[in-house]
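J.: this one's structure only:
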């Protein structure tokens, strides 16, 4: 079991963990700049919006890959994936609005 973890799963989960933690930090900075400190500079807003989109890129790619491999019907049967979709789409909509 230890062999499989070290050989196959550890790096994948480590990359995912780092990507999600980076996104959380980016989102905290975004909220601080845009909502808490209400910085009016459009360049700050643009930079933060781009960072949010970059931060959500890994979870989006991971979920689309999962949906492709499993098939859309099977992907949609797992209700945990709906939380992932809300997480992704809410981030994208937040940047647009």
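T.: Ah, there it is. Note that the structure is a prediction, hence the values are computed from the model and not measured.

J.: use CA for all of it now, contacts and neighbours both
T.: Will do.

J.: Need phi/psi at residue 37.
T.: phi -90, psi -10 (degrees, to the nearest 10).

J.: I'd like the distance between it and residue 29.
T.: Relative to residue 29, residue 37 is positioned 10 Å away (C-alpha to C-alpha, to the nearest Å).

J.: For these two, indicate the residue with more neighbours.
T.: residue 29 (16 against 9; other C-alpha atoms under 10 Å).

J.: mean confidence for the strand or helix carrying that one?
T.: Using DSSP states H and E, residue 29 sits within helix 10-31. Per-residue pLDDT values over helix 10-31 give a mean of 89.

J.: who's in contact with the residue most central in space within the chain?
T.: Centroid-nearest residue in the chain, with C-alpha atoms, centre = their mean: residue 56, separated by 3.3 Å. The neighbours of residue 56, taking C-alpha atoms under 8 Å, 6 or more residues apart in numbering as the test, are 23, 88, 91.

J.: Backbone dihedrals for residue 79, please?
T.: The phi/psi pair for residue 79 (degrees, to the nearest 10) is phi -70, psi -20.

J.: How many neighbouring residues does it have?
T.: Neighbours around residue 79, by other C-alpha under 10 Å: 9.
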